[in-house]
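**Student:** how would this look folded up:
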Amino acid sequence: MTGLGDAQLDELVARVHDRIGGYRSGGRGYCLGLYRSVALVVFLLRENPTQQVAAAVFGVSQSTVSRRWDALREIIAMVLDDVLPDPAEAARDCTVLVDGTLARTWDWRCRDDLYSGKHRDTGFNLQIATTMGGRLLAVATPVPGARHDAHAWPASGLATILHGMHVLGYLGTGVLTGTRTPAGGELSPDRAETNKALSGIRAVVEHAISHLKNWKILGGRCRAPLHKYESIVRAVTALHFYKFSESL
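**Tutor:** Next comes the predicted model:
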């Protein structure tokens with residue numbers, strides 16, 4: 001349900017307890033203590049069910065699910081802050097791979113900047129950085145999906161985070177890229193072979209994105225209000241690093 005092992009969930013609950021203390025609340029004859037409240041929120045991030053479905057699974061009301069979701073989402077991200085790596089230290093002066101992906105949302109009428117012409121869908125552009133070996137380094141602040149990767153690279157803050165590092169990224173951004181085919185022409189055999197090799201290398205970051213999207217609130221369509229989206233990304237990022245932490 002949560003994607004975490006039993007020991008990991010136990011430690012996460014202990015961290016949350018250390019931050020906020022015990023948490024007990026009754027609702028329509030049911031009691032959802034701290035352990036099940038934390039499990040509920042991680043379940044929502046991992047499986048992306050509707051709150052009504054989550055309420056049925058945990059035997060509580062939908063309003064209880066909503067309250068736990070808002071009360072604990074940010075706290076989970078905060079108590080796992082120590083598992084987030086320092087990108088410069090984790091990369092150890094090696095080339096960093098960068099790519100973007102569309103994390104889908106509802107088509108909210110109040111926003112006209114979420115539709116991605118490339119993907120023909122609405123959502124946020126998430127910029128992801130990995131090592132050459134595919135180890136995740138950073139997930140940047142989400143940028144509206146209408147903006148292309150070359151814009152999202154600096155707008156997300158990832159360019160600042162990776163400043164001074166060797167980065168394999170996008171054309172026109174001042175980082176290492178392949179060679180664009182000239183209009184009406186073709187690349188030399190050497191350039192074409194180099195582009196092919198670079199594409200193969202960048203496939204590594206695409207695999208990392210696929211693993212990150214096992215958290216289905218990013219891999220599916222997020223139904224949460226848009227003002228909650230950044231906190232959702234922070235929580236998922238922290239949980240993803242926590243799940244694969246070498247110390248656990």
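
**Student:** Every contact and neighbour count from this point should use C-alpha atoms.
**Tutor:** Fine.

**Student:** care to break this structure down by domain?
**Tutor:** Domain assignment for the chain by automatic domain parsing gives 6-79, 88-224.

**Student:** Tabulate these (CSV), appending mean neighbour count.
**Tutor:** Below are the domains of the chain laid out as CSV (neighbours: other CA atoms under 10 Å):
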stretch, mean neighbour count
domain 6-79, 17
domain 88-224, 17
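
**Student:** can I get those in CSV with distance to Ala235 and mean pLDDT?
**Tutor:** Listed next are those as CSV, based on distance: least, CA to CA, whole Å; pLDDT from 0 to 100:
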stretch, distance to Ala235, mean pLDDT
domain 6-79, 4, 89
domain 88-224, 10, 82
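
**Student:** how about these in a markdown table, adding distance to Val236?
**Tutor:** As requested, the domains of the chain are exported to a markdown table (distance: least, CA to CA, whole Å):
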| stretch | distance to Val236 |
| --- | --- |
| domain 6-79 | 7 |
| domain 88-224 | 7 |
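
**Student:** among these, which is nearest Tyr242?
**Tutor:** domain 6-79 (8.2 Å; CA to CA).

**Student:** That closest one: end-to-end distance?
**Tutor:** 18 Å (CA to CA, to the nearest Å).

**Student:** can you give me the offset of it from its chain's centre?
**Tutor:** Domain 6-79 has its C-alpha centroid displaced from the chain centroid by 20 Å (CA atoms, centre = their mean, to the nearest Å).

**Student:** pLDDT of the helix or strand Phe241 falls within, averaged?
**Tutor:** For Phe241, the element it lies in under DSSP states H and E is helix 229-243. Helix 229-243 carries an average pLDDT of 97.
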